[in-house]
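A.B. asks: quick one, fold the following:
(one chain, ligands or ions: 1)
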Amino acid sequence: MGGSDGRHFRDVLGNVPTSVVAITAAGAPGRPEGMIVGSFTSVSLDPPLVSFLADRSSRTLAKIRAAGCYCANALAADQEHLSRKLATRGTGKFDGVAWEPSPLGNPVLDGVVAWIDCEVDKVVELGDHFLVVGAVRTLRAESAKTPLLFFRGGYGDYFSTTSLLLDRLVGW
Ligand SMILES: Cc1cc2nc3c(=O)[nH]c(=O)nc-3n(C[C@H](O)[C@H](O)[C@H](O)COP(=O)(O)O)c2cc1C
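C.D. replies: Numbering: from 1, shown residues only. Down below sits the predicted model:
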């Protein structure tokens, strides 16, 4: 696929909204690692499996493969700054970022909507990405905040449902 085809691919696929999830892992002792993905999804209920897709050049992917586990942190609408920080390369991504270790030792970021702690079950090469399937060990919904979404190249908090509105209006 040439350069302009690649642009077209991204432009069209950008019309499909995604969640914004921080995939974190423990690197060297006390050294958190992480990246942002829009490709996180649940895979199976029995056994409980989830997955995301990592570009083959991702540095976090290498750390996850070495550690054998990762945590998926679903970012909240007020955490765009965190996404911008973790979607970069290099050191210092976690400077000023508050987190606690998960049961598997992966960073759980403060203020997220939910987190899912996994052991790596399978890594499957697919084109220029790797599908990283995780066997869920612990998962928790942390807050009732709305999620951070990504659509047509921009961040947003467009999510609204009748049940959420009722919740806000009457505490239902
Ligand atoms: C909204 C959003 C979604 C993204 N989704 C993915 C994804 O699904 N897979 C991926 O490999 N990179 C994705 N990225 C890009 C990575 O976060 C980015 O390349 C990051 O710098 C990788 O860091 P690393 O090399 O330290 O792992 C996404 C970035 C943003 C802002």
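A.B. asks: give me the residue at the spatial middle of this protein.
C.D. replies: By Cα atoms, centre = their mean, the chain has its centre lying nearest to Val21, at 2.1 Å.
A.B. asks: longest helix in the protein, please.
C.D. replies: In the chain, assigned by DSSP state H, the helix with the most residues is helix 3-13.
A.B. asks: so after that helix, what's the next helix or strand?
C.D. replies: Under the assignment DSSP states H and E, the closest C-terminal helix or strand after helix 3-13 is strand 18-19.
A.B. asks: can you list contacts of that next one?
C.D. replies: Contacts with strand 18-19, where a contact means Cβ atoms under 8 Å, 6 or more residues apart in numbering, come from Gly38, Ser39, Phe40, Ala74, Leu75, Pro147, Leu148, Leu149, Phe150, Phe151. In short, each C-beta sits where N, CA and C put it, glycine included.
A.B. asks: so which of those residues are also by the ligand?
C.D. replies: Residues of the contacts of strand 18-19 in contact with the ligand (Cβ under 6 Å from any ligand atom): Gly38, Ser39, Phe150.
A.B. asks: so the first one touches Val20, yeah?
C.D. replies: Yes: contact criterion Cβ atoms under 8 Å: Gly38 and Val20 qualify, at 6.5 Å.
A.B. asks: higher neighbour count, these two?
C.D. replies: Set side by side, Gly38 and Val20 show more neighbours around Val20, with 25 against 19, by other Cβ atoms under 10 Å.
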